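[1] need a 3D model of the sequence below.
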Amino acid sequence: MESKKVKDRSEIDLKYKWDLSTMYANDELWEDDYEKVSKLADEFTKYQGNVTVSSDMLLSALRDIDSIDLLLGKMICYAKMKQDEDNTNSKYQELFGRGMTLATDISSKMSFFTPELLCASEDTILGFLDTNKDLALYEFTLRDTLRMKKHVLSTEEEGILAKLSAVTHAPDTIFSMLNDADMSFGMISGEDGESFELTHGNYIHAMESADRILRKNAFEAMYRQYKDHINTITAIYNTNVKADCTKASIRHYESARQAELYAHDIPESVYDNLISVVHEYLPVVHRYTEIRKKILGVDELKMYDIYTPLVDVPNNKISFDEAVETMNKALSVLGDDYIKTVDQGIKDRWIDIYENKGKTSGAYSFGSYDSNPFILLNYGDKLQDVLTLVHEMGHSMHSYYTRKNQPPVYGDYSIFVAEVASTVNESLLLNYLIENEKDKTSKMYILNKFIEEFRATVFRQTMFAEFENWTHRYVEGDGSLTAEKLCEEYEKLNSMYFGDALSKDDYIKYEWARIPHFYHSFYVYQYATGFSAATAISKRILKEGENAVKDYRRFLTLGSSMYPVDELKLAGVDMSKPEPIRDTMEMFKSLLDEFETMI
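    Got it, this is the predicted structure:
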């Protein structure tokens, strides 16, 4: 590992940091918006008791909701990203905390709106749509609200739930502080004996190292910390699951899973189809595990052997500038204007590129309706970092085209389609690299990376989905999650997904405690469904060209103006059926077949 010590943020060159001044030139302007949105929320109470007295009144209320959401979204986005720059900076911890508290207060003040809207008859609302043409903009959201009628409570009850939202979201905040700010993994070394500080940001690079001693030391140092904190993390996660189940029950859903999927009109069969089809193809994963064990030549294949490339390609360090160049070539099939926008985004400093002390780990794309679509990275000069860049740029371009083409009310997109654009980009990149690589060894390396994308995104995320499906059902069956029970169930699933070629160890059972997405329940399955949809779309783009690109580019503009399953149908994929999952599994199998013939 080359990184000996993580830099302070002040040591990072400005050109490698995102430019949040385009949102707020200074924190005083944030304070101005704090006062402005607080006043707007206070004034919004004038609609109480009057929401449906006329179509004009309803229209005015909907427009004011947009204005409040725009300001509040911008404030919270800015504060969160400033905090993520350095989680030890108490100033932005406080700013983000104030923003979230304000959001809770505003949500409470406005909570009367939906129950009051739903007190009116459906005929009244549809009549307003017929007589007031300006309401046409809100037709989809109004009809969707009517669909939710049986799950919306009284005004008083909605107000109580709104006030409790800061409490019910607390597990996520607490885990984030423990995971990103308080936990330290110490110094580790490999065969060369040279020590460096292990962090979330460089852990995956250690796991990809050819140095098995380094991988083992990194793996054990990482999970030793989660083992030492397992009872605390269990308490945090158990509270999170109980909150999910309680909220679902209060809103008259049959389960927490139904509550989450119903919000976006996703059939629960989509979730079950995913797990069922992936189970069918677990023998293919087991074959891959056997191949990995054989190529690595180890007596026992351990979890710390899972991520290291099976093909060693020397001198594969990729600078950020080189990553951008490769990205642009791979994505050129999406159109010149697409690439031009990507380049402008990099020039305008959408991206926070390198790791620094206290910076939030991992990567994400974020932003408000009227801001740039920012990207947080912890770039480390590996092919995986190029994939991450391309992935997050997919998110940001999806956001860019949505906000450019949709009004604020539809200016975001469902979580169900959120991973599609990012994974289309990844698939196009990997196909480009395979197509253009002439060296057999290098081609095998890239094939292995593509296979790993399937394993990590479809199989691993489906395993996560199966785990959290179990945790919620267990609690809904009056069970209480203990550290022993959680670790036992996770270890069982891990063994089932990897097969007999993987030897057991004392640490992998603690991996569940490390996954931040578990605090956004029933999210991770959408990585797998999104990957499957993206695989189908990218295959169509490469095969059919212009017409497929046109359909896909239209999909990128839809935001939340349609239900997500319907949006994907316009892009040529029907996720209500198991076929896209099965087709993805077949592609994984064919890639593995090709790789195996080259060994």
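[2] and the nearest residue to Phe140 once chain neighbours are set aside, which of the three is it?
    For Phe140, the nearest residue in space outside its immediate sequence neighbours is Ser561; the separation is 5.9 Å by Cβ to Cβ, 6 or more residues apart in numbering. Just so you know, the C-beta spots here come from the backbone N, C-alpha and C atoms, and that holds for glycine as well. When classified by DSSP: H, G, I helix; E, B strand; the rest coil, Ser561 comes out as coil.
[3] ok, now which ones touch Ser561?
    By Cβ atoms under 8 Å, 6 or more residues apart in numbering, Ser561 lies in contact with 140, 406, 410.
[4] can you turn the buried part of those residues into a PyMOL selection?
    Listed next is the PyMOL selection for buried residues among the contacts of Ser561, using 16 or more other Cβ atoms under 10 Å:
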select buried, resi 406+410
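[5] distance of Ile346 relative to Phe320?
    From Ile346 across to Phe320, the span is 9 Å (Cβ to Cβ, to the nearest Å).
[6] make that Lys227, sorry
    35 Å.
[7] what's in contact with stretch 441-451?
    Here stretch 441-451 makes contact (Cβ under 8 Å, 6+ apart) with 288, 309-313, 316, 383-384, 387, 430, 433-434, 437, 588, 591-592, 594-595, 598-599.
[8] do you know how far the spatially closest residue to Asp551 that is not a sequence neighbour is from Met397?
    Spatial nearest neighbour of Asp551, excluding adjacent residues (Cβ to Cβ, 6+ apart): Ala571 at 5.3 Å. The span separating Ala571 from Met397 equals 15 Å under the rule Cβ to Cβ.
[9] which SS class is the residue lying closest to Ile351 once chain neighbours are set aside?
    Here the nearest residue to Ile351 in space, its sequence neighbours aside, is Ile375; by Cβ to Cβ, 6+ apart that works out to 4.5 Å. At Ile375 the chain is in strand, as set by three-state DSSP.
[10] what of Asp265?
    Reduced to three states by three-state DSSP, Asp265 is coil.
[11] who does the host helix or strand of Phe219 touch, helix- and strand-wise?
    Of the helices and strands defined by DSSP states H and E, Phe219 is found in helix 212-228. Taking 3 or more Cβ pairs under 8 Å, 6 or more residues apart in numbering; DSSP states H and E as contact, the helices and strands that helix 212-228 lies on are strand 187-189, helix 200-207.
[12] just the strands in the stretch 301-450 of the chain please.
    Assignment of strands within the stretch 301-450 of the chain using DSSP state E, counting those that start in this stretch yields the ranges 351-352, 364-366, 374-376.
[13] cool, the stretch 151-300 of the chain as well?
    Secondary structure of the stretch 151-300 of the chain by DSSP E, counting those that start in this stretch: the strands cover 187-189, 195-197.
[14] can you add distance to Glu254, mean pLDDT and mean neighbour count and give those back as a markdown table?
    A markdown table is the format used below for the strands of the stretch 151-300 of the chain (distance: least, Cβ to Cβ, whole Å; pLDDT from 0 to 100; neighbours: other Cβ atoms under 10 Å):
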| stretch | distance to Glu254 | mean pLDDT | mean neighbour count |
| --- | --- | --- | --- |
| strand 187-189 | 47 | 95 | 17 |
| strand 195-197 | 47 | 93 | 16 |
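[15] wait, which of these is closest to Phe113?
    strand 195-197 (49.7 Å; Cβ to Cβ).
[16] okay, now the sheet partners of that closest one, with direction.
    Strand 195-197 sits in its sheet next to strand 187-189 (antiparallel), going by DSSP bridges.
[17] chain center to the strand it pairs with, what's the gap?
    Chain-centre distance of strand 187-189: 30 Å, with Cα atoms, centre = their mean, to the nearest Å.
[18] who touches it?
    Contacts made with strand 187-189 from outside it, assessed by Cβ under 8 Å, 6+ apart, are listed as 195-198, 206, 214, 217-218, 221.
[19] now render these as TSV, adding distance to Lys550.
    Shown next, in TSV, are the contacts of strand 187-189 (distance: Cβ to Cβ, whole Å):
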residue	distance to Lys550
Ser195	54
Phe196	49
Glu197	49
Leu198	47
Ala206	43
Leu214	48
Asn217	51
Ala218	46
Ala221	50
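[20] what is the nearest of those to Ala120?
    Nearest to Ala120 out of the contacts of strand 187-189 is Leu198 (Cβ to Cβ; 58.1 Å).
[21] which residues touch the closest residue to that closest one other than its chain neighbours?
    Once its chain neighbours are removed from consideration, Leu198 has its nearest residue in Phe185; the separation is 4.0 Å (Cβ to Cβ, 6+ apart). Each residue near Phe185 by Cβ under 8 Å, 6+ apart is listed here: 197-199, 203, 221-222, 225.
[22] make it 10 Å
    197-200, 202-203, 218, 221-226 (Cβ atoms under 10 Å, 6 or more residues apart in numbering).
[23] which strands or helices does the worst-scoring helix or strand of the chain on mean pLDDT pack on?
    When the helices and strands of the chain are compared on mean pLDDT, DSSP states H and E, helix 155-168 comes out lowest with a mean of 87. Contacts of helix 155-168 with other secondary structure elements, assessed using 3 or more Cβ pairs under 10 Å, 6 or more residues apart in numbering; DSSP states H and E, are made with helix 90-110, helix 113-119, helix 230-250.
[24] give me the contact list for the next helix or strand after the shortest one.
    Just to be clear, that refers to helix 113-119. Tracing the chain C-terminally past helix 113-119 and defining elements by DSSP H and E, one meets helix 122-131 next. Helix 122-131 is contacted from outside by 52, 54-59, 117-118, 120-121, 135-136, 138-139, 142-143, 145-146, 149, using Cβ under 10 Å, 6+ apart.
[25] so of the residues you listed, which ones are in helices?
    Secondary structure assignment by DSSP state H places 55-59, 117-118, 139, 142-143, 145-146 of these in helices.
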